[in-house]
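Visitor: Any chance you can model this:
(one chain, ligands or ions: 1)
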Amino acid sequence: MPLFAADTITAIIDCRQPALARHFGVAECRWWKERDEPVSDRADAQRLAWDSVAAGWQKWWPTIESGAGSVSDRMIELAEIEPGQRVLDIATGIGEPALVAARLVGPAGRVVATDISTGMLDIARKRALASGLTNVAFVEADAARLDFHEGSFDAVLWRWGPTDLSNPSNTLVAIRRMLTPGGSFATAVWQAGPDARPLARHAMSVACGMFDAPSGCAQEPTPPERSLEQELLHAGFSEVRVEAMTLTLAFASTDDCTRYLMDVSPVFAALLSDRSPGQLAEYRRRLAAALRQYVTADGSVRIPNVTLCAVGRR
Ligand SMILES: C[S@@+](CC[C@H](N)C(=O)[O-])C[C@H]1O[C@@H](n2cnc3c(N)ncnc32)[C@H](O)[C@@H]1O
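Guide: Residues are numbered from 1 along each chain as shown. Model prediction:
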């Protein structure tokens with residue numbers, strides 16, 4: 001049975017946005033949480049973890065988006081999104097690339113933005129209202145359990161996340177099914193390997209050297225069974241293209257890098273937030289030393305990251 005028992009996506013409008021419900025011409029709206037669906041421990045843990053950093057995403061948004069905005073733009077180009085289209089943004093966080101897509105599809109189009117975290121969606125909703133966008137609906141949903149009707153969307157976007165799922169293949173097959181024939185799926189995932197995300201790598205390595213950190217510390221991460229291109233082809237997508245993009249995160253200081261990690265990353269928030277002031281000071285000192293190569297003459301820090309952007313068609 002579909003998660004959203006509705007003939008069209010219009011029946012899943014966020015109940016707290018009556019104006020939006022009217023815009024889509026629906027009287028009824030509901031939350032999937034209220035449908036007595038069993039919610040797994042995994043999904044609950046993910047929701048709580050991401051809720052805990054939602055405010056941090058808002059705080060650091062200018063930093064995040066000054067690097068990540070170009071990735072949204074490229075995904076939208078690759079997906080060839082046009083005015084009037086129906087777009088799904090999976091795991092939208094505080095609303096991107098959903099809001100960029102909503103501006104592009106215009107009043108004749110519509111965007112559904114999903115996320116597992118209520119906290120993230122609350123901020124996304126406020127950003128949409130502040131931008132005067134009335135063609136985007138926000139839906140709390142686990143990406144692994146999305147079940148929109150076949151052919152519901154002209155394009156599906158997913159900026160950072162598919163590789164975090166326990167079974168990305170099943171989800172990719174489900175995404176393809178939700179597309180219209182010829183519709184496109186564009187995604188971004190971090191490149192594998194030690195140089196793709198230097199801040200996360202150095203920060204974890206410092207944590208591993210100082211604390212009784214997670215068991216994964218000493219091991220190289222297991223490489224994925226398939227490359228991103230292979231995953232998309234395996235799920236049945238055609239015209240698959242994958243390209244690498246470099247985006248730079250800029251911070252005022254190395255101390256800001258520690259604050260950023262504690263504010264936006266559920267992993268580092270869990271690792272660092274209960275440490276003593278002395279431990280945190282030592283952590284900052286060691287991370288600053290590890291990041292020396294990225295510090296510029298004025299003390300600010302510029303860290304390049306490599307993401308893969310991919311597109312495939314149904
Ligand atoms: C790295 S953030 C990316 C957010 C947004 N796409 C962006 O690029 O700014 C990951 C997002 O995925 C969401 N998320 C994590 N697990 C999820 C799941 N199983 N289903 C749906 N959303 C999930 C989190 O709540 C968070 O908002």
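
Visitor: contacts, neighbours, all on C-alpha from now
Guide: Fine.

Visitor: which ones are touching the residue in the stretch 201-314 of the chain that the ligand sits nearest to?
Guide: Among all residues of the stretch 201-314 of the chain, residue 265 sits closest to the ligand, at 8.2 Å; criterion: Cα to the nearest ligand atom. If a contact means Cα atoms under 8 Å, 6 or more residues apart in numbering, then residue 265 has residue 53 as its contacts.

Visitor: Can you tell me how far it is from residue 46?
Guide: 12 Å (Cα to Cα, to the nearest Å).

Visitor: Write out the residues of the stretch 51-200 of the chain neighbouring the ligand.
Guide: 91-93, 96, 115-117, 120, 141-144, 159-161 (Cα under 6 Å from any ligand atom).

Visitor: Among the residues you listed, which ones are in helices?
Guide: In helices, judged by DSSP state H, the following of those are found: residue 120.

Visitor: can you tell me which two in the residues of the stretch 51-200 of the chain next to the ligand are farthest apart?
Guide: The span of these, defined through Cα to Cα, is set by 96 and 144 at 19.0 Å.

Visitor: Next up, the contacts around the closest residue to residue 54 other than its chain neighbours.
Guide: Nearest non-adjacent residue to residue 54, counting by Cα to Cα, 6 or more residues apart in numbering: residue 120, 5.0 Å away. Counting by Cα under 8 Å, 6+ apart, residue 120 touches 50, 51, 54, 55, 93, 94.

Visitor: Let's see that with 10 Å instead.
Guide: Residue 120 makes contact with 47, 50-58, 91-95, 114, 140, according to Cα atoms under 10 Å, 6 or more residues apart in numbering.

Visitor: List the buried residues of stretch 93-109.
Guide: For stretch 93-109, a neighbour-count test (16 or more other Cα atoms under 10 Å) marks 93-99, 101-107, 109 as buried.

Visitor: Just the CA atoms of that stretch, as CSV, please.
Guide: Written as CSV, here are the backbone C-alpha positions of stretch 93-109 (Å, rounded to 0.1, in the frame of the first residue of the first chain):
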residue,chain,number,x,y,z
GLY,A,93,17.2,19.5,5.0
ILE,A,94,16.3,23.2,5.5
GLY,A,95,15.0,23.4,1.9
GLU,A,96,17.6,22.9,-0.8
PRO,A,97,17.6,22.3,-3.7
ALA,A,98,13.8,22.4,-3.3
LEU,A,99,13.5,26.2,-3.1
VAL,A,100,15.7,26.8,-6.1
ALA,A,101,13.6,24.3,-8.0
ALA,A,102,10.4,26.0,-6.8
ARG,A,103,11.5,29.3,-8.2
LEU,A,104,12.4,27.7,-11.5
VAL,A,105,9.2,25.6,-12.0
GLY,A,106,7.1,28.7,-11.1
PRO,A,107,3.4,29.0,-10.3
ALA,A,108,2.4,26.4,-12.9
GLY,A,109,4.8,23.8,-11.4
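
Visitor: any idea of the mean pLDDT for that stretch?
Guide: Stretch 93-109 carries an average pLDDT of 98.

Visitor: how much distance is there from it to the middle of the chain?
Guide: For stretch 93-109, the gap between its own C-alpha mean and the chain's C-alpha mean amounts to 15 Å (Cα atoms, centre = their mean, to the nearest Å).

Visitor: Mutual contacts of residue 265 and residue 46, please.
Guide: Common contacts of residue 265 and residue 46 (Cα under 10 Å, 6+ apart): residue 52.

Visitor: Excluding residues flanking it in the chain, which one is nearest residue 121?
Guide: Here the residue nearest residue 121, using Cα to Cα, 6+ apart, is residue 94, at 5.9 Å.

Visitor: which residues touch stretch 280-289?
Guide: Residues lying outside stretch 280-289 but in contact with it, judged by Cα under 10 Å, 6+ apart, are 199, 202-207, 209-211, 253-259, 272-279, 290, 294-295, 301.

Visitor: Enumerate the residue intervals of the stretch 201-314 of the chain where per-residue confidence is below the cut-off.
Guide: 213-224 (pLDDT under 70).

Visitor: Break down the chain into its helices, ranges please.
Guide: Using DSSP H, helices in the chain cover 18-23, 41-51, 54-59, 61-79, 98-105, 118-130, 168-178, 198-210, 228-234, 254-264, 266-272, 277-290.

Visitor: Return the most buried member of the ones you listed.
Guide: helix 98-105 (a mean of 23; mean count of other Cα atoms under 10 Å).

Visitor: could you say what helices and strands that helix packs with?
Guide: Judged by 3 or more Cα pairs under 10 Å, 6 or more residues apart in numbering; DSSP states H and E, helix 98-105 is in contact with helix 61-79, strand 86-89, strand 110-115, helix 118-130, strand 136-140, strand 153-159.
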